[in-house]
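Novice: need the 3D shape of this:
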Amino acid sequence: MQNIKVIVGASYGDEGKGLATDFFGAQAKGRHETINVMTNGGPQRGHTVELPDGTRHVFKHFGAAAFQGAATYMADSFLVNPMEFCREYSELRAMGCALEAYMNPRCRFTTPWDMLINQMLQQKRGLHNSCGFGIWETVLRYKRGYGMPIGQFVNLTREDRRRYLMELRDGYFAKRFRELGLNETAGKGARACPDTDWIRAYWDDEALLCRFEEDCETMRFLCPMRDEDYLRLYKTVLFENAQGLLLDGNSLEEQDFTTPSTTGSGKVFQTVERVFQGADVEIAYISRSYLTRHGDGSLTNELDEVQKSALLPYVKTDETNHENRFQGILRYGMMDVNSLADRIGADFARCRGAARNRYRASVMITHMNEFAGIDTGLLADRFDTLYLSDGKTHRDVYKETVGTCK
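Specialist: Next up is the predicted model:
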């Protein structure tokens, strides 16, 4: 019988999903019997894990339970970035982390030109609603019919791969570049685009194309293809979602400031019901004890610097979420616990009436050492299990209470 955990951000992301995944990975019985599924988005995620010995890493293309010996599996809804995979693989290996990774052959993949157009468009518009990893551009390109599954692409000869990338660059991407007016000066109030001669030199750089193809070959070698049925071989399966419920791409209210994926339990629920039978499934919703949001978009109960200093006196510098030119600063707000409980309840309702597996909902509140003013009693009353964390490592997480999900 499989033990399944689904880790879901309950608000705008940046909530402790890395900590939660590492915690559940540490609880799993049998090292190398756990697989960590990357469910949505791509390596724009930044899931931080810090171990008791001080080892620290921000996971992007690998599951956050890798330090606990878990294998990584990239589901078909995950956007593969071969460049980022190779960079992080080398970084983790240098830290002494033994890595095992697999990917679904139906995964879409991001190219350097998706990223370049994404970053230039952000620069032109002067917005802070992206990580610069080309996620929206990749999704749009595939929707328009200009993409092939990663399994099909890496099975081409290396010469055919390079030819395909060149045709994509000189065809679709050149057209997209003109469509967005990226060779024009930005409008008033926004930063000007980089010099077009510099862009063209980078765009036509054959060394860039060849390096990307080499990264694809390296990833093919290090990350074998496996269909989702492969997950049945593991005793513990950790589904690690990215972003949070308030950034779901299905939201109509703030589509310009969301992510093009399902951030809640819906897609994972479909996978679990399709692949497993008779499993215990815990959907763990993760939230800080206060609200945070990167960049532009609405933020309920937002705090200014004076209010932040008064209400969150121990919040000084967020080690993971530094300001960057695409996301902007990390903003802060007070948590409305009733709203938090309601959106968790609405998302978990998708799992009611499941035929094949047994589901329960839990909530994990992190950063309790920074602000303990959140009313956790309401959460304890409404959900099966409440976890609290008052530190940076999985040893700082403790189970507060067990109730009945309502």
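Novice: start to end distance for stretch 283-296?
Specialist: 29 Å (Cα to Cα, to the nearest Å).
Novice: now that stretch: mean pLDDT?
Specialist: Across stretch 283-296, pLDDT averages out at 89.
Novice: chain center to that stretch, what's the gap?
Specialist: Remark: stretch 283-296 is offset 13 Å from the chain centroid, using Cα atoms, centre = their mean, to the nearest Å.
Novice: which residues in the stretch 151-300 of the chain form helices?
Specialist: 158-168, 174-179, 196-203, 206-222, 266-275 (DSSP state H, counting those that start in this stretch).
Novice: give me the contact list for stretch 345-352.
Specialist: Defining contact as Cβ atoms under 8 Å, 6 or more residues apart in numbering, one finds that stretch 345-352 is touched by 8, 245, 264-266, 269, 281, 283, 285, 359, 361, 382, 405-406. C-betas here are computed from N, CA, C, even on glycine.
Novice: can I get it as PDB, trimmed to CA atoms?
Specialist: Presented in PDB, the C-alpha positions along stretch 345-352 are these (Å, rounded to 0.1, in the frame of the first residue of the first chain):
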ATOM      1  CA  GLY A 345     -11.600  23.600   2.200                       C
ATOM      2  CA  ALA A 346     -12.700  24.500  -1.400                       C
ATOM      3  CA  ASP A 347      -9.700  23.000  -2.900                       C
ATOM      4  CA  PHE A 348      -9.900  19.800  -0.800                       C
ATOM      5  CA  ALA A 349     -13.600  19.400  -1.700                       C
ATOM      6  CA  ARG A 350     -12.300  18.200  -5.200                       C
ATOM      7  CA  CYS A 351     -11.200  15.000  -3.500                       C
ATOM      8  CA  ARG A 352     -14.600  14.200  -1.800                       C
END
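Novice: begin at 156 from here
Specialist: Taking 156 as the first residue, the last one we looked at is stretch 500-507.
Novice: so which bits of that stretch are buried?
Specialist: 502-503, 505-506 (16 or more other Cβ atoms under 10 Å).
Novice: how many residues are close by Glu372?
Specialist: Look at Glu372: counted by other Cβ atoms under 10 Å, it has 15 neighbours.
Novice: where does the stretch 256-405 of the chain dip in pLDDT?
Specialist: Along the stretch 256-405 of the chain, the parts satisfying pLDDT under 70 run over 278-287, 338-357, 404-405.
Novice: if you set the cut-off to 90 instead, what comes out?
Specialist: Filtered on pLDDT under 90, the stretch 256-405 of the chain yields the residue ranges 270-289, 291, 329, 332-333, 335-363, 398-399, 401-405.
Novice: what does the stretch 456-561 of the chain give?
Specialist: Looking at the stretch 456-561 of the chain by pLDDT under 90, you get 456-487, 505-508, 510, 525-528, 539, 555-561.
Novice: most surrounded residue in the contacts of stretch 500-507?
Specialist: Going by other Cβ under 10 Å, Tyr440 tops the contacts of stretch 500-507 with 31 neighbours.
Novice: which residues touch that residue?
Specialist: With Cβ under 8 Å, 6+ apart, Tyr440 has these contacts: 163-165, 400, 499, 502-503, 516-519, 538.
Novice: now do Lys422
Specialist: Taking Cβ under 8 Å, 6+ apart, one finds 194-195, 232 in contact with Lys422.
Novice: try Asp491
Specialist: Contacts of Asp491 (Cβ under 8 Å, 6+ apart): 455-456.
Novice: circling back: just give me the closest of the contacts of Tyr440 to Ala249.
Specialist: Gly164 (28.8 Å; Cβ to Cβ).
Novice: go ahead and confirm that closest one touches Gly399.
Specialist: Yes: counting by Cβ atoms under 8 Å, Gly164 touches Gly399, with 3.1 Å between them.
Novice: give me the common contacts of these two.
Specialist: Common neighbours of Gly164 and Gly399, counting by Cβ under 8 Å, 6+ apart, are 170, 418.
Novice: pull out the buried residues from the helix or strand that Ser245 is a member of.
Specialist: If you go by DSSP states H and E, Ser245 is part of helix 237-249. Using 16+ other Cβ under 10 Å as the test for burial, helix 237-249 gives 237-241, 243-244, 247.
Novice: ok, so of those residues, who is nearest Tyr257?
Specialist: Phe240 (12.1 Å).
Novice: which ones are touching the closest one?
Specialist: Phe240 touches 198, 216, 370, 374, 377-378, counting by Cβ under 8 Å, 6+ apart.
Novice: with respect to Leu467, which of the residues you listed is nearest?
Specialist: Pro198 (29.3 Å).
Novice: the closest one against Phe288, yeah?
Specialist: Yes: Pro198 is in contact with Phe288 according to Cβ under 8 Å; the separation is 6.0 Å.
Novice: spit out the residues that contact those two alike.
Specialist: In contact with both Pro198 and Phe288: 236, 239, using Cβ under 8 Å, 6+ apart.
Novice: farthest pair within the contacts of Phe240?
Specialist: Across these (Cβ to Cβ), the longest gap, 15.2 Å, separates Pro198 and Leu377.
Novice: among the two, which residue is more densely surrounded?
Specialist: Set Pro198 next to Leu377 and count neighbours by other Cβ under 10 Å: Pro198 wins out with 24 against 13.
Novice: quick one, what contacts Ser444?
Specialist: Contacts for Ser444 were tallied using Cβ under 8 Å, 6+ apart; they are 490, 520-523, 525-529.
Novice: need phi/psi at it.
Specialist: phi -80, psi 0 (degrees, to the nearest 10).
Novice: list the backbone torsions phi and psi for the residue positioned nearest the centre of the chain.
Specialist: Among the residues of the chain, the one closest to the centroid is Ala397, at 2.9 Å (Cα atoms, centre = their mean). Here is the backbone geometry of Ala397 (degrees, to the nearest 10): phi -110, psi 160.
Novice: you'd agree it is up against Pro198?
Specialist: No: here Ala397 does not reach Pro198: they are 9.3 Å apart, not a contact under Cβ under 8 Å.
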